[in-house]
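A.B. asks: sequence unknown, structure follows:
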């Protein structure tokens, strides 16, 4: 059987990833470690190739969401320290220990399981303690110092790190170098005090609360390590107040035009007939849709406001108009997606794009974290 190049693929620019990582590293204090977050298939860029690139570029730790992601990296031969963010199930603790993964614990049941596995294996299990600093979805609650002491007594060794994830939209004051948060949760302030006390006592677990947003807005919260995801992939967190890095987007979803047709004025397009052509229109069909990550929005973004926008889009579509449609790119031209995006197809109005020919390559907007892992990844080194 003879293979052929994929019609649809994700193009990943390794040079852009390297530039982004070095830009972030250059802004950190020399003593601050960098955890490169590669969860969710490295934000769509491909787990193993991306993690290997970040390790080669000098990241100190690789951050994954689940034990299985860490195992995939170990199977690929990566020896960089790996921190698993989600607390492990009972079965995963032993597997994580065997593969030198650092697990996260948040409650007493995790401590008991760690101690049990250590007794069975006769070797320490590396762990970090996550503290709920206000995000409300995970982390130990109450007195973090007491929880850490409980874990240390049960396991016989201290955690290698203590961390939290600050989810509030903190206001910051001061210039870029001296920016400090306008307010912190009581638990975060407690962690800061605990960190200073342990450092003064010569104990040195890594304390880290800063992810991409705080690295932009609050350099004072870099502490011992930062966990960086979106910045490495060329995207700022949507609510970052400062944009101190020159970032390079590293990923594009590409496909080819598989059908061209001209439709008459008034013709309806797609499921539900939500779009009606206001003029004679030249349409291109692309073999990508919801399955590929095109048109997928976060569930949390759905609101009365987005419902109103959708109603307006339907109203305009029924009259041949569009409401800020997604734009695909063909060379230097852009063209709107029209009609409802389906599972494996979408249609584009290319009436004003003469370079739209059968088989022409098109760049399609898609959320990088929603890109289907089954789509082939093609890696390039474009230094431009």
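C.D. replies: Now that the structure is in, tell me what you want to look at. Remember, predicted model here, so these are calculated numbers, not experimental data.
A.B. asks: contacting residues for the residue positioned nearest the centre of the chain?
C.D. replies: Among the residues of the chain, the one closest to the centroid is residue 43, at 4.2 Å (Cα atoms, centre = their mean). Neighbouring residues of residue 43 by Cβ atoms under 8 Å, 6 or more residues apart in numbering: 37, 229, 230, 233, 368, 369. For every residue, glycine as well, the C-beta is placed using N, CA and C.
A.B. asks: Grab the two from these that are most spread out in space.
C.D. replies: Maximum pairwise distance among those (Cβ to Cβ): 12.9 Å, between 37 and 368.
A.B. asks: Which one's more surrounded, those two?
C.D. replies: Set residue 37 next to residue 368 and count neighbours by other Cβ atoms under 10 Å: residue 37 wins out with 28 against 23.
A.B. asks: Please verify my assumption that the more buried one contacts residue 228.
C.D. replies: Yes - with contact defined as Cβ atoms under 8 Å, residue 37 reaches residue 228; the gap is 6.2 Å.
A.B. asks: Show me whatever sits in contact with both of the two.
C.D. replies: Listed as contacting both residue 37 and residue 228 by Cβ under 8 Å, 6+ apart are residue 211.
A.B. asks: so how far is residue 160 from residue 83?
C.D. replies: Separation of residue 83 from residue 160 (Cβ to Cβ, to the nearest Å): 9 Å.
A.B. asks: Give me the domain ranges for this structure.
C.D. replies: 31-233, 251-380 (automatic domain parsing).
A.B. asks: Torsion angles phi and psi at residue 286?
C.D. replies: Reported as degrees, to the nearest 10, the phi and psi values for residue 286 are phi -110, psi 140.
A.B. asks: Name whatever forms a beta bridge with it.
C.D. replies: Assessed by DSSP bridges, residue 286 has beta-bridge partners residue 346.
A.B. asks: Start from the N-terminal end of the stretch 251-384 of the chain and give the helices.
C.D. replies: 304-317 (DSSP state H, counting those that start in this stretch).
A.B. asks: now the stretch 1-150 of the chain
C.D. replies: Ranges of helices in the stretch 1-150 of the chain, per DSSP H, counting those that start in this stretch, are 14-27, 39-43, 47-56, 67-75, 90-98, 108-121, 144-155.
A.B. asks: Ok, which of the ones you listed comes nearest residue 240?
C.D. replies: Closest approach to residue 240 among these (Cβ to Cβ): helix 14-27, 12.9 Å.
A.B. asks: Flag every buried residue along that closest one.
C.D. replies: Neighbour-count burial for helix 14-27, counted by 16 or more other Cβ atoms under 10 Å, picks out 14, 16, 17, 18, 19, 20, 21, 23, 24, 25, 27.
A.B. asks: nearest to residue 6, of the domains of the chain?
C.D. replies: Residue 6 lies closest, by Cβ to Cβ, to one member of the domains of the chain: domain 251-380, at 4.6 Å.
A.B. asks: circling back to that earlier point, so how far is residue 366 from the residue nearest to the centre of the chain?
C.D. replies: Relative to residue 366, and taking Cβ to Cβ, residue 43 is found at 12 Å.
A.B. asks: Ok, residue 280 next?
C.D. replies: Separation of residue 280 from residue 366 (Cβ to Cβ): 29 Å.
A.B. asks: Check residue 80 too.
C.D. replies: For residue 80, the distance to residue 366 (Cβ to Cβ) stands at 29 Å.
A.B. asks: can you check residue 151 too?
C.D. replies: For residue 151, the distance to residue 366 - Cβ to Cβ - is 41 Å.
A.B. asks: pLDDT weak spots in the stretch 101-250 of the chain?
C.D. replies: Residues of the stretch 101-250 of the chain meeting the criterion pLDDT under 70: 167-183.
A.B. asks: 50 instead, please
C.D. replies: Counting by pLDDT under 50, the stretch 101-250 of the chain has low-confidence residues at 174-176, 178.
A.B. asks: coming back round to it: neighbour count: residue 80 and residue 366, which is higher?
C.D. replies: Taking other Cβ under 10 Å, residue 80 and residue 366 do not tie; residue 366 has more neighbours (22 against 16).
A.B. asks: ok, the more buried one to residue 296 distance?
C.D. replies: In terms of Cβ to Cβ, residue 366 sits 8 Å off from residue 296.
A.B. asks: try residue 113
C.D. replies: In terms of Cβ to Cβ, residue 113 sits 36 Å off from residue 296.
A.B. asks: what about the two, which has more around it?
C.D. replies: residue 113 (21 against 16).
A.B. asks: Am I right that that one is in contact with residue 87?
C.D. replies: No - using Cβ under 8 Å, residue 113 makes no contact with residue 87, being 9.6 Å away.
A.B. asks: which neighbours do the two share?
C.D. replies: Residues touching both residue 113 and residue 87 (Cβ under 8 Å, 6+ apart): there are none.
A.B. asks: any chance you could map the strands in the stretch 151-300 of the chain?
C.D. replies: All strands of the stretch 151-300 of the chain, identified by DSSP state E, counting those that start in this stretch, fall at 161-163, 172-173, 180-181, 206-208, 225-228, 251-256, 259-263, 268-269, 275-276, 281-286.
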